[in-house]
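Here you go, sequence then predicted model.
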Amino acid sequence: MKIEQYRIDQHNEGLLGKHNNQFIFLKEQLGEQGIDANAIVKTLQAFQVAIPSWALGTGGTRFGRFSGAGEPGSLEEKIEDVGLLNALNRSSGSISLHIPWDIPKDADAMIQLASSLDLKFDAVNSNTFQDQKNQELSYKYGSLSHVDPKVRKQAVDHNIEVIKYGKELGSKALSIWLSDGSCFPGQSNFVKSFQNTLESLQEIYAALPEDWKVFVEYKAYEPNFYSTVIQDWGSSLLFCQKLGPKADVLVDLGHHLPNANIEQIVATLMMEGRLAGFHFNDSKYGDDDLTVGSIRPYMLFLIFVELVEGMKRAGKGSDGFAWMIDASHNVKDPLEDLLQSVEAILLSYAQALILDSKKLEIARGENDVVLAQQLLQNAFRTDVRPLVREAMLHSGGSLDPIGLFRDLKVRNGLIAERGLVTVATGL
Ligand SMILES: [Mn+2]
């Protein structure tokens, strides 16, 4: 299923009058503060966030999974789903694959399909957190950190194979998240686990093509509940520093202990030039994988304030980082959910872009705590939706992606194509 451009244009026509009024009003308001709304629109248009293949189907919990209808059953259908999202918002221009769930049988055909939908292949993700059918050795007690060198070798070989698939598709990065750790005190030797993991990562690093990166993602707990080998940004950074310049830290919003100051972590990693990028999601309790911005939008904004500052300092645009949504849950239509997530990301980015950072620096220098807070909250409380809509409109997307998704009955179309009972592969 494909959404024709004229359907988008037609739908926009009906909304254009109202949008133009709102945009012009905000543009004037921002202009009075010396902010160029058109420049912000351009910056927003350049922002692209990757969609992971596993977010296109309904997720699940350890208690159960309630499959949606018309979910993608093959890699082709997953690419088509991301194409639908990108047609609607023009900000989801890449897909992140997971190996072995998404092994491409015909890489050229996949590249052709993706480019016909204006999509690229983002980082490829390895999987040593579960055993696959016919796998020789088990990852029950770890993978890259395992006490048995044969298991470690199997896990290293898997990662090298993932690089091979990524190369065929034009990816430029391998993303590694390890579930390795222990469930009980005494179960593993922290130092040996670290050293084994480092050696394994070094072998993978050595296999990286010249222009590739490896992203090292951390997570505080789960599935292991006593210790995790790469538990926090400090451990992740330590691995990256030991590996070399092609390794950077990947921050997943859901992978911290409660109340962690993630914006400070981001600032520190950017200061060191070691932030690879982001996995966006939201949570109330742990790694909940909820829609971005659904629980703590102010935190997301504060993170974007640091990202914008960091990009400015580094002289980099948003294309210098890997942005991805990493969420998947039980109750929403996954495509509608992703549209909401992308919108939330763009809104936070827009709010951070209108922050008066010069005034903020002066307020900080004068220890004017009240003014500093006020400046942040002024930006956060500004309704920047017209900026995001204008960006989507300019890029050929929809002024109201979810409204159009529903008007066109896209899900019904997908059910007609794929059937009512479908299970997204891998989940
Ligand atoms: Mn993640």
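Arrived safely.

okay, how far is it across stretch 120-136, tip to tip?
Taking Cα to Cα, to the nearest Å, stretch 120-136 runs 33 Å from one end to the other.

Next, report how far it is displaced from the centre of its chain.
Relative to its parent chain, stretch 120-136 has a centroid offset of 18 Å by Cα atoms, centre = their mean, to the nearest Å.

close to the ion, is it?
No. Contact of stretch 120-136 with the ion (Cβ under 5 Å from the ion) is absent, the minimum separation being 8.4 Å. In this view, the C-beta of every residue, glycine as well, is placed from N, C-alpha and C.

Over to stretch 275-294?
Yes. Applying Cβ under 5 Å from the ion, one finds stretch 275-294 in contact with the ion at H279.

Show the contacting residues for the most centrally placed residue in the chain.
Centrality entry for the chain: nearest residue to the mean C-alpha point is M324, 1.7 Å, by Cα atoms, centre = their mean. M324 makes contact with 49-52, 96, 122-123, 277-280, according to Cβ atoms under 8 Å, 6 or more residues apart in numbering.

how about the residue lying closest to it once chain neighbours are set aside, phi and psi?
Computed as Cβ to Cβ, 6 or more residues apart in numbering, the closest residue to M324 that is not its neighbour in sequence is A50, at 4.2 Å. Here the main-chain torsion angles of A50 (degrees, to the nearest 10) amount to phi -80, psi 150.

what's the spacing between A50 and E28?
Distance, A50 to E28, by Cβ to Cβ, to the nearest Å: 35 Å.

With neighbour numbers in mind, choose between the two.
A50 (25 against 10; other Cβ atoms under 10 Å).

For the more buried one, list the residues it contacts.
92, 94-96, 122-123, 322-325 are the contacts of A50 under Cβ under 8 Å, 6+ apart.

Next: V292.
Going by Cβ under 8 Å, 6+ apart, V292 touches 253, 280-282, 300, 325, 327, 340-342, 344-345.

Now go through the residues you listed and say which are in strands.
280, 325 (DSSP state E).

got the contacts of V292 as JSON lines, with pLDDT columns?
As requested, the contacts of V292 are exported to JSON lines (pLDDT from 0 to 100):
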{"residue": "L253", "pLDDT": "98"}
{"residue": "F280", "pLDDT": "98"}
{"residue": "N281", "pLDDT": "98"}
{"residue": "D282", "pLDDT": "97"}
{"residue": "L300", "pLDDT": "98"}
{"residue": "I325", "pLDDT": "98"}
{"residue": "A327", "pLDDT": "92"}
{"residue": "Q340", "pLDDT": "98"}
{"residue": "S341", "pLDDT": "98"}
{"residue": "V342", "pLDDT": "98"}
{"residue": "A344", "pLDDT": "98"}
{"residue": "I345", "pLDDT": "98"}
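
Closest to the ion out of the contacts of V292?
Of all the contacts of V292, the ion sits closest to N281, with 7.7 Å by Cβ to the ion.

now the strands for the stretch 101-250 of the chain?
Assigned by DSSP state E, counting those that start in this stretch, the strands in the stretch 101-250 of the chain fall at 120-121, 124-125, 173-177, 181-182, 213-217, 227-228, 247-252.

Put together TSV for the ones you listed, with mean pLDDT, distance to E13 and mean neighbour count on each row.
Below are the strands of the stretch 101-250 of the chain laid out as TSV (pLDDT from 0 to 100; distance: least, Cβ to Cβ, whole Å; neighbours: other Cβ atoms under 10 Å):
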stretch	mean pLDDT	distance to E13	mean neighbour count
strand 120-121	98	30	20
strand 124-125	98	40	25
strand 173-177	98	40	25
strand 181-182	98	54	22
strand 213-217	98	42	23
strand 227-228	98	52	20
strand 247-252	98	40	24
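
Quick one: those as JSON lines, columns for distance to H19 too.
Formatted as JSON lines, these follow (distance: least, Cβ to Cβ, whole Å):
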{"stretch": "strand 120-121", "distance to H19": "29"}
{"stretch": "strand 124-125", "distance to H19": "37"}
{"stretch": "strand 173-177", "distance to H19": "36"}
{"stretch": "strand 181-182", "distance to H19": "49"}
{"stretch": "strand 213-217", "distance to H19": "37"}
{"stretch": "strand 227-228", "distance to H19": "46"}
{"stretch": "strand 247-252", "distance to H19": "34"}
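
thinking A114 is in contact with D108, fair?
No. Contact criterion Cβ atoms under 8 Å: A114 and D108 do not qualify, at 10.7 Å.

neighbour count winner among the two?
A114 (22 against 10).

quick one, what contacts the nearest residue to that one once chain neighbours are set aside?
Spatial nearest neighbour of A114, chain neighbours left out: I79 (5.4 Å); criterion: Cβ to Cβ, 6+ apart. By Cβ under 8 Å, 6+ apart, the contact set of I79 is 95, 110, 113-114, 117, 119.

pLDDT at the residue of the chain most remote from its centre, what is it?
Most distant from the centre of the chain: E366, at 36.9 Å, with distances by Cα atoms, centre = their mean. As predicted, E366 sits at a pLDDT of 98.

Can you give me the distance of it to the ion?
40 Å (Cβ to the ion, to the nearest Å).

cool, and Q130?
Taking Cβ to the ion, one finds Q130 at 15 Å from the ion.

How about G83?
Distance from G83 to the ion, by Cβ to the ion: 23 Å.

do Q195 as well
25 Å.

what stretches of the stretch 301-427 of the chain score poorly on pLDDT?
Scanning the stretch 301-427 of the chain with the threshold set as pLDDT under 70 gives 423-427.

Quick check: residues of it near the ion?
Counting by Cβ under 5 Å from the ion, the stretch 301-427 of the chain sits next to the ion at D326.

Which single residue of the stretch 301-427 of the chain ends up nearest the ion?
D326 (3.8 Å).

So for the residue nearest to that residue when sequence neighbours are not counted, what's the pLDDT?
Distances taken as Cβ to Cβ, 6+ apart place H279 nearest to D326, at 3.5 Å, with adjacent residues excluded. Note on H279: pLDDT of 98.

Surely H279 touches F321?
No. The criterion here is Cβ under 8 Å, and H279 misses it with F321 at 11.7 Å.

any idea how far the helix or strand containing R7 is from the chain center?
When elements are assigned from DSSP states H and E, R7 belongs to helix 5-32. Put simply, helix 5-32 sits 28 Å off its chain's centre (Cα atoms, centre = their mean).
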